[in-house]
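>>> okay, here's the prediction I keep looking at, along with the sequence it came from:
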Amino acid sequence: MKVGVLISGRGSNLKSLIEACAAPGFPARIVVVVSNRADATGLEVAREAGIPAVAISHTDFPTREAFDAAMDAALQKAGADFICSAGFMRILSDGFVDKWRDRQLNIHPSLLPAFKGLKVHERVLEAGCRISGCTVHFVRAAMDEGPIVAQAAVPVLPGDTPETLAARVLEAEHKLYPLALRLIAEGRTKIVDERVVIEGEGTGSVPPLFAPRA
Ligand code: GAR
């Protein structure tokens, strides 16, 4: 699987995907990284790994559709057949989402469908949650929505700040995203009625990081 990764910033999830793809036998490789911000440190992470990294500033385009078309062109040019959004903080146009339907993942730092959007950890603490976590899901038109591939839970601890909680969740993200990508690249998932069915789940062959399913 030839993966294009979309980023907007730091790129720590990108780094975890790069490291996973470098392992012998991993069934995916990253062919391009696209950032909507030229100052994203993730672009450096990509370049250091020898991966083509492209900055396409959304501010250079008159419409969301025009920006998405430029991003799509960069992905096509690199030969990408799958997308991983990794801290990509732009809403996508319906046309782009439709074109990449079932071929695009996103990671979000909460147990979706709770706490979509921004300032997740602040809101988790504000709500007094005892557990938080992260979710890898297929991308649909609505933000942070779509069939869930994998989730990992982490505890919320007394004295947590948004920063300490974010760091704990991020550590789980770095394990979860490569696992989810591997399952998909191995062809072990299918989407049935907008829910993800994983081949072999419940037989012990799927890592325990995945939340149990009813
Ligand atoms: C990650 O925590 C990711 O889950 C989040 O942005 C961070 C990016 O960090 N994404 C979202 O909130 C998407 N709605 P990174 O650039 O170090 O990977």
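Yep, that arrived.

>>> can you list the buried residues in the helix or strand hosting residue 74?
Assigned by DSSP states H and E, residue 74 belongs to helix 64-77. Residues of helix 64-77 classed as buried by neighbour count (16 or more other Cβ atoms under 10 Å): 64, 67, 68, 69, 70, 71, 72, 74, 75. C-beta: built from backbone N, CA, C; applies to glycine.

>>> save the residues you listed as TSV, and put in pLDDT too.
Converted to TSV, these look like this (pLDDT from 0 to 100):
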residue	pLDDT
64	97
67	98
68	98
69	98
70	98
71	98
72	98
74	98
75	98
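
>>> and which of these is nearest residue 18?
Nearest to residue 18 among the buried residues of helix 64-77 is residue 75, at 17.0 Å by Cβ to Cβ.

>>> quickly find the element holding the residue lying closest to that closest one once chain neighbours are set aside.
Of all residues not flanking residue 75 in the chain, residue 4 sits nearest, at 4.3 Å (Cβ to Cβ, 6 or more residues apart in numbering). According to DSSP H and E, residue 4 maps onto strand 2-7.

>>> so the residue lying closest to residue 190 once chain neighbours are set aside versus the ligand, what's the distance?
Leaving out its chain neighbours, the residue that sits closest to residue 190 by Cβ to Cβ, 6+ apart is residue 197, at 5.3 Å. Distance, residue 197 to the ligand, by Cβ to the nearest ligand atom, to the nearest Å: 24 Å.

>>> number of residues surrounding residue 197?
Per other Cβ atoms under 10 Å, the neighbour tally for residue 197 reads 13.

>>> list the buried residues in the helix or strand harbouring it.
Using DSSP H and E, residue 197 sits within strand 195-198. Buried residues in strand 195-198, counted by 16+ other Cβ under 10 Å: 196, 198.

>>> can you show me the CA trace of the helix holding residue 74 as CSV?
Provided in CSV are the C-alpha atoms of helix 64-77 (Å, rounded to 0.1, in the frame of the first residue of the first chain):
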residue,chain,number,x,y,z
ARG,A,64,-11.5,24.7,0.1
GLU,A,65,-12.2,22.7,-3.1
ALA,A,66,-9.2,24.3,-4.9
PHE,A,67,-6.9,23.6,-2.1
ASP,A,68,-8.1,20.0,-1.8
ALA,A,69,-7.6,19.6,-5.6
ALA,A,70,-4.0,20.6,-5.3
MET,A,71,-3.5,18.2,-2.4
ASP,A,72,-5.1,15.5,-4.5
ALA,A,73,-2.8,16.2,-7.4
ALA,A,74,0.3,15.9,-5.1
LEU,A,75,-1.0,12.6,-3.8
GLN,A,76,-1.7,11.3,-7.3
LYS,A,77,1.7,12.4,-8.5
